[in-house]
Each structure stands twice: as structure tokens, then as C-alpha cells.
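Chemist: build the 3D model from these lines:
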Amino acid sequence: MFALFSSTASVNTLAIGFGGPMELTVIAVIVLVLFGNRLPGAAKSLGQSFSAFKKGIKEGQEADDETDNLDSKD
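Modeler: Below you'll find the predicted structure:
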């Protein structure tokens, strides 16, 4: 009971950087209300960016493999 009113309880929460489940729920609701209509577009854009990044990594590895194969033939 005394831990609820202790000043160390709030300091520990701030030191971790995250609030409890209730605080996170309130923050999530506020974010959804403010940005709810833009979230699907942002998620789609993020997914496309991630796919392009993975494709670029794969193409880069294939180019490195081809260069290694050419070097080993000489």
C-alpha cells in the first residue's frame, strides 16, 4: 500500500522509460484517434519500403557472388 504513494515508484517507472499497461493503453488510444486515418497508408508504405530493401540486399548478394565467381576463374 505504501509503495503506491512512494516517490521511488515513479522514479523507477521513469528510469525504465515505459509506463504501466494503463499508460500504454491511453497512449495507444490517443495515437489511434490522432493518426487512425493515416495508419493504413503508412503501414503500406513501410511494407513496400521493407520489400524494396530486402530485394536490394538480395540483388547485392547476387552481384557479389557473380564477382566472386569471376575472380575465382582467373
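Chemist: show me the domain layout of the protein.
Modeler: Using automatic domain parsing, the domain parsing of the chain gives 1-36, 48-74.
Chemist: check those domains for me: which has the lowest mean pLDDT.
Modeler: Lowest mean pLDDT within those: domain 1-36, a mean of 71.
Chemist: grab the longest helix from this protein for me.
Modeler: Looking across the chain with DSSP state H, the single longest helix is helix 39-73.
Chemist: for that one, list every residue counted as buried.
Modeler: Residues of helix 39-73 include none that count as buried (16 or more other CB atoms under 10 Å). Where C-beta positions appear, they are placed from N, C-alpha and C, glycine not excepted.
Chemist: what about the residue nearest to Leu39 when sequence neighbours are not counted, which SS state?
Modeler: Closest residue to Leu39 apart from its sequence neighbours, by CB to CB, 6 or more residues apart in numbering: Leu32 at 7.6 Å. Secondary structure state of Leu32, per DSSP: H, G, I helix; E, B strand; the rest coil, is helix.
Chemist: and the gap between Leu32 and Arg38?
Modeler: Applying CB to CB, to the nearest Å, the value for Leu32 to Arg38 is 11 Å.
Chemist: just Lys54 next, same as before
Modeler: 24 Å.
Chemist: likewise for Ser49?
Modeler: 16 Å.
Chemist: kindly format the C-alpha coordinates of stretch 49-56 as CSV.
Modeler: Extracted in CSV, the C-alpha atoms of stretch 49-56 (Å, rounded to 0.1, in the frame of the first residue of the first chain):
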residue,chain,number,x,y,z
SER,A,49,10.0,0.0,-48.4
PHE,A,50,10.9,-3.1,-46.5
SER,A,51,10.3,-5.3,-49.6
ALA,A,52,12.4,-3.0,-51.7
PHE,A,53,15.2,-3.1,-49.1
LYS,A,54,15.1,-6.9,-49.0
LYS,A,55,15.2,-7.0,-52.8
GLY,A,56,18.2,-4.7,-52.9
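Chemist: that's all I had, so thanks and see you.
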